[in-house]
Structures are given as C-alpha cells and as structure tokens.
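1. Test case, fold it:
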Amino acid sequence: MTFQQLIYIAEVAKCGSFNRAAQNLYLSQSSISNAVKELEDEMHIRIFQRSNRGVELTAEGKEFLSYANSLLEQKQHIENVYQSETVKPTVHFSVATQRYPFAVDAFIRLLGEIDNPRFSFAIKETGMYSVIDDVFNGFADLGVIFTSNLTEKLIRRLLDTKNLEFHEIEKIQPRVFMREGHPLSGKASISPADLEGWIFMTFEHDLGASMAFSEEIHLLSFKKPERVIHINDRATATNIIVNSEVITLGSGLLLENFVDHRMISIPLEDNNDKMKLGWIKQKNRSHSPEAEAFIRLLEQTIRDAIHYTEQVQVKLLDRNSIR
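-> Okay, the predicted model is just below:
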C-alpha cells in the first residue's frame with residue numbers, strides 16, 4: 001500500500017468516476033484502475049463497484065476510505081510543517097505544582113513571552129508527592145513545592161533517592177487563610193491556640209503519602225483539628241473559605257488579579273518554622289530556555305505576591321483600627 005494509491009482512491013471516490021479522476025490527476029485511466037486493483041488484491045477487499053450511476057464505494061470501501069483520508073491528512077500536515085524552510089520546531093515545556101496561584105501566574109506570564117508559533121505547554125496542579133513523581137518520571141520539566149523545618153529532612157531524602165534537587169526561592173512565615181470578616185480577621189497575627197475549634201480545610205493527600213507531603217504546613221504546637229473538610233482543587237477551596245468560617249494553613253500569598261478579594265491571610269506568630277518555597281528538577285538535566293524563563297517569572301511572581309499580601313494586611317489592620 002502506498003500513499004499514491006490512497007490518493008487515487010480518494011479522488012475516484014470524490015469524482016465518482018475513474019475517468020474524471022484520471023483527468024484531474026493527469027494520468028491515464030488504466031494507471032489508476034491498475035493501482036486500485038493492486039491495492040484491493042493486497043488488502044483482500046473490494047473498494048469500488050460499478051453501477052449505472054458510475055463508480056460507488058462498497059461498504060468495505062467506505063470504511064477503508066475513512067482510514068485513508070486520515071492518513072492523507074496526517075501526511076499533508078507533516079509536509080506543511082517540515083517542508084517550510086522557515087518553520088520553527090515545536091517548543092515543549094511542562095510544570096507540576098502544588099496548588100499555588102503564584103505558580104499558575106508564572107505560567108501565564110510565560111505564555112505572554114513566547115513568540116514561537118508552535119508550542120506544547122502543560123501545567124498540572126496536584127499533591128506534593130505527585131509533583132515529585134512527575135518530575136522524576138519526566139512528565140514535568142520542573143516541579144513547584146515547599147519544605148519546612150519539620151519536613152525538610154524527609155523530603156530531601158526522597159528527592160535524593162529520585163535523583164532530584166530542590167532550589168529554594170523564598171522563605172516565608174506561614175499564614176492562615178480565611179474570609180474577610182472572619183472572627184479572627186481582626187488580629188495582626190494568629191497563634192496556634194487561636195486555631196483550635198475552627199473547621200479546618202485540607203487538600204486530599206496522595207494515596208499512601210506521608211503527612212509530610214501535605215499541602216498545608218504542619219505545626220508541632222497545633223493540635224489535630226476535630227472538624228476537617230477534605231477537598232481536591234483550589235477553586236473549591238476558595239469558594240468554601242470565602243463563604244464560610246473555614247480556615248486553612250499555607251503560604252498565605254495573595255495575588256491582586258488572581259484570587260478572590262474576599263479571601264485574606266494573617267501570619268502565624270513566629271513558631272521557629274518557615275515555608276521554603278522552591279522548585280525541583282532532575283539532577284544533571286540542563287534547563288530549556290522555557291524552563292529558565294519560568295523560574296525567573298516564578299521568582300518574580302512570588303515577590304509580587306509577598307508585597308501584595310503585606311499591603312492587604314496593612315489595609316485590613318487600618319480598617320479594623322478605624323472601627
């Protein structure tokens with residue numbers, strides 16, 4: 001079977017005539033007829049049948065033509081892509097991240113910098129263990145995670161076994177997410193004791209993963225909450241927080257044009273633990289220009305988020321003092 005034979009069959013089917021197909025292709029009718037007959041013999045099927053109305057596809061022929069057209073379309077696409085002298089290769093980049101809006105913001109900023117007409121990008125929000133696994137298996141070029149004093153030893157040991165390396169971007173004080181107007185929202189800072197009794201929200205953990213790989217930072221001085229909501233996506237988390245008195249622990253970083261303005265975050269009182277935000281990659285693997293750009297933009301959006309979060313806190317305290 002050759003592409004030329006498929007072209008002949010497609011043309012005959014379109015014209016309903018071997019003679020008109022031969023004219024369109026500037027060939028003799030016998031050449032097309034012989035090519036079609038050879039293909040029918042090779043495939044052990046009958047593609048066309050003659051009638052008073054001309055040439056018609058058999059049931060087998062209709063099925064065969066659907067496959068043939070698919071192959072011809074792919075052939076045309078490949079030719080269009082690679083026969084051009086000016087065509088650029090497809091750019092590939094993928095990132096897996098814990099559920100951080102600043103990571104998505106960096107990805108969006110990256111899209112704004114790409115001028116290649118052909119690219120294939122991917123971003124996946126998931127649990128920390130899955131982030132590590134995706135980078136290890138090559139499904140993601142980079143991963144965005146955090147460590148803390150409490151979890152760093154375990155996480156770095158796992159990264160070492162998977163030949164991955166962690167690069168810290170920023171060390172921040174953990175914060176408590178809540179809605180504006182929450183009974184705790186008037187505080188300048190929150191102690192672990194203040195957290196007791198509230199409904200606590202947590203992202204679902206990867207199956208079998210240690211609590212060290214959870215989305216939320218864990219505090220030695222914070223007792224396990226008695227009322228817990230488990231969710232698995234960031235949009236649901238935001239909707240629950242801004243419409244209830246549920247709280248959760250995390251980076252607390254807000255982005256001006258990226259998060260619901262009804263959600264705020266208040267810093268935890270210093271408990272000698274910090275969230276160390278950063279990215280991971282395979283050791284000895286060089287960065288693509290896209291990965292380098294994403295890291296630069298991730299650093300920038302984290303700085304922007306820290307600045308904006310601090311501004312929101314100041315305005316919130318000012319409003320509360322006026323009241």
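2. Okay, and residue 318 sits in which element?
-> Using DSSP states H and E, residue 318 sits in helix 289-322.
3. all helices in the stretch 201-323 of the chain, in order from the N-terminus.
-> All helices of the stretch 201-323 of the chain, identified by DSSP state H, counting those that start in this stretch, fall at 234-242, 289-322.
4. quick one: low-confidence ranges for the stretch 201-323 of the chain?
-> Per-residue confidence for the stretch 201-323 of the chain (pLDDT under 70) gives these ranges: 205-223, 271, 320-323.
5. Distance of the residue of the chain most remote from its centre relative to residue 16?
-> Centroid-distance maximum for the chain: residue 52 at 57.0 Å, with CA atoms, centre = their mean. According to CB to CB, to the nearest Å, residue 52 and residue 16 sit 12 Å apart. C-betas here are computed from N, CA, C, even on glycine.
6. residue contacts, the closest residue in space to residue 230 that isn't next to it in sequence?
-> With CB to CB, 6 or more residues apart in numbering as the criterion, residue 230 has its nearest non-adjacent residue at 5.2 Å, and that residue is residue 204. Residues near residue 204 by CB atoms under 8 Å, 6 or more residues apart in numbering: 127, 230-232.
7. Can you say which of those residues are buried?
-> The neighbour count (16 or more other CB atoms under 10 Å) marks 127, 231 as buried among the contacts of residue 204.
8. mind listing which of the contacts of residue 204 are in strands?
-> Among these, DSSP state E puts 230-231 in strands.
9. Which of the contacts of residue 204 sits closest to residue 118?
-> Lowest distance from residue 118 to those (CB to CB) belongs to residue 127, with 31.9 Å.
10. Make sure the closest one is actually in contact with residue 98.
-> Yes. Contact criterion CB atoms under 8 Å: residue 127 and residue 98 qualify, at 7.1 Å.
11. Tell me which residues of stretch 241-254 come out buried.
-> By 16+ other CB under 10 Å, the buried positions in stretch 241-254 come out as 241-242, 246-254.
12. Ok, stretch 164-184 next?
-> For stretch 164-184, burial by neighbour count (16+ other CB under 10 Å) applies to 164-166, 169-170, 172, 174-179, 182, 184.
13. from memory residue 166 sits against residue 278, does it?
-> Yes. Counting by CB under 8 Å, residue 278 is a contact partner of residue 166 at 5.5 Å.
14. Touching both of the two, which residues are there?
-> Both residue 166 and residue 278 are contacted by 145, 147, under the criterion CB under 8 Å, 6+ apart.
15. can you list the weak-confidence ranges in the stretch 51-200 of the chain?
-> Residue ranges of the stretch 51-200 of the chain with pLDDT under 70: 81-88.
16. give me that answer again for 90
-> 51-91, 114-119, 127, 129, 147-154, 173, 185-186, 191-193, 195-196 (pLDDT under 90).
17. And the strands in it?
-> 54-57, 91-97, 119-125, 142-147, 164-172, 175-179, 200-203 (DSSP state E, counting those that start in this stretch).
18. Could you check how many residues crowd around residue 189?
-> A count of neighbours around residue 189, defined by other CB atoms under 10 Å, yields 14.
19. thought it was touching residue 267?
-> Yes. Judged on CB under 8 Å, residue 189 makes contact with residue 267 at a distance of 5.2 Å.
20. Ok, which of the helices of the stretch 201-323 of the chain comes nearest residue 38?
-> Taking CB to CB, helix 289-322 is the member of the helices of the stretch 201-323 of the chain nearest to residue 38, at 48.2 Å.
21. other SSEs contacting that closest one?
-> strand 91-97, helix 101-113, strand 142-147, strand 164-172, strand 263-267, strand 275-282 (3 or more CB pairs under 8 Å, 6 or more residues apart in numbering; DSSP states H and E).
22. looking at those, which is buried most?
-> Each of the helices and strands packed on helix 289-322 was scored by mean neighbour count; the highest is strand 142-147, a mean of 26, by mean count of other CB atoms under 10 Å.
23. Perfect, that will be all.
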